[in-house]
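> I would like to see how this sequence folds:
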Amino acid sequence: NKFFIDRNILWYDATANFDRFCNKDSILYYLKKSKEVGVTDIVVDVKPITGEVLYPSNIAPVMNSWGTSGVKKDLSWDMLSFFIEQGHKLGLKVHASTNVFVAGHNFYDRGVVYDDPTKAAWQTLSFLPEGFVKITDQKTKYSAMLNPVLEEVRNYELSILKELVGKYPKLDGIILDRVRFDNLNADFSDSSRYAFEKYIGKKVENYPDDIYSFSGKDRINGTLYKEWLEWRASIVHD
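Numbering: from 1, shown residues only. Just a heads-up that it's a prediction; the model follows:
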């Protein structure tokens, strides 16, 4: 792809750089450094895995602090607008990145599925050797993934993306991260079961064993395993 051959793209992570980018002079410093070393495009991570955003939103909660530093973001100015304006002055292309089907950080018990009781049921349910386990109870996994099967999840995430596009028409691009199920162990909620049964046109007699089961830690594929993969792919595609 000629675009990627000619571009040097640098990712500005949201949480790793949160304190830095609370200050305009720090943003300018790193933009100029990026330009000096030959970066052509920057990617500003504006929706990390907590589901919070780093720009003024009427839909998603706005992240005004991160970690234990005590630094608070001054919400009187718009970080993303500043990135776009100053990046373009330097001849850089500016893209925004969003984590789509995730809304919580399990290492800190923080984020939309933790803080908003109306959205706690959106988290994905995994089928593991120990049985059905909510993603927020899997503390070895840091990202609290959502269930993309749920129409309310899709509508919510689409509304955030539409708001982002509307607010920042001068963005050069938007990158969508985590537009997927958590992994092969997700999602096994009742909502997913009913949607899958509708897709294949019949009841799953032995759920979830007809999809897969476990022998110890080893997964054994069931008779409906391939149809299950096809259905999952269709959800993300659609």
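> Can you pull out the low-pLDDT segments for this protein?
Within the chain, the ranges that satisfy pLDDT under 70 run 1-4.
> counting residues per helix, which one in it is longest?
Once the chain is assigned using DSSP state H, the helix that runs over the most residues is helix 151-167.
> I'd like to know how far the residue nearest the centre of the chain sits from Lys203.
Centroid-nearest residue in the chain, with Cα atoms, centre = their mean: Asn99, separated by 2.1 Å. Distance, Asn99 to Lys203, using Cβ to Cβ, to the nearest Å: 35 Å. All C-beta spots, glycine's among them, are computed from the backbone N, C-alpha and C.
> likewise Arg154?
Distance of Arg154 to Lys203, computed by Cβ to Cβ: 25 Å.
> Can you show me the strands along the chain?
Remark: strands assigned in the chain by DSSP state E are 9-12, 41-47, 93-99, 102-105, 125-128, 131-134, 143-145, 173-177, 212-215, 218-221.
> Within the sheet, what are the partner strands of the shortest one, with directions?
Right, the one you point to is strand 143-145. Under the criterion DSSP bridges, strand 143-145 sits next to strand 102-105 (antiparallel) in its sheet.
> Now do the same contact list for the residue in the chain sticking out farthest from the centre.
Here the chain reaches farthest from its C-alpha mean at Glu205, the gap being 33.4 Å by Cα atoms, centre = their mean. Going by Cβ atoms under 8 Å, 6 or more residues apart in numbering, Glu205 touches no other residue.
> where's it relative to Leu224, distance?
Distance, Glu205 to Leu224, by Cβ to Cβ: 10 Å.
> Export only the CA atoms of stretch 161-179, formatted as PDB.
Extracted in PDB, the C-alpha atoms of stretch 161-179 (Å, rounded to 0.1, in the frame of the first residue of the first chain):
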ATOM      1  CA  LEU A 161     -18.000   8.000  16.400                       C
ATOM      2  CA  LYS A 162     -20.600  10.200  14.700                       C
ATOM      3  CA  GLU A 163     -20.100  12.900  17.400                       C
ATOM      4  CA  LEU A 164     -16.300  12.700  16.900                       C
ATOM      5  CA  VAL A 165     -16.600  13.100  13.100                       C
ATOM      6  CA  GLY A 166     -19.000  16.000  13.500                       C
ATOM      7  CA  LYS A 167     -16.900  17.800  16.100                       C
ATOM      8  CA  TYR A 168     -13.600  17.500  14.200                       C
ATOM      9  CA  PRO A 169     -14.100  17.800  10.400                       C
ATOM     10  CA  LYS A 170     -10.400  18.700  10.000                       C
ATOM     11  CA  LEU A 171      -9.200  15.300  11.200                       C
ATOM     12  CA  ASP A 172      -7.300  13.500   8.500                       C
ATOM     13  CA  GLY A 173      -8.600  10.100   9.600                       C
ATOM     14  CA  ILE A 174     -10.100   8.000  12.400                       C
ATOM     15  CA  ILE A 175      -8.600   4.700  13.500                       C
ATOM     16  CA  LEU A 176     -10.900   2.100  15.000                       C
ATOM     17  CA  ASP A 177      -9.300  -0.300  17.500                       C
ATOM     18  CA  ARG A 178     -10.800  -3.300  19.200                       C
ATOM     19  CA  VAL A 179     -13.700  -3.600  16.700                       C
END
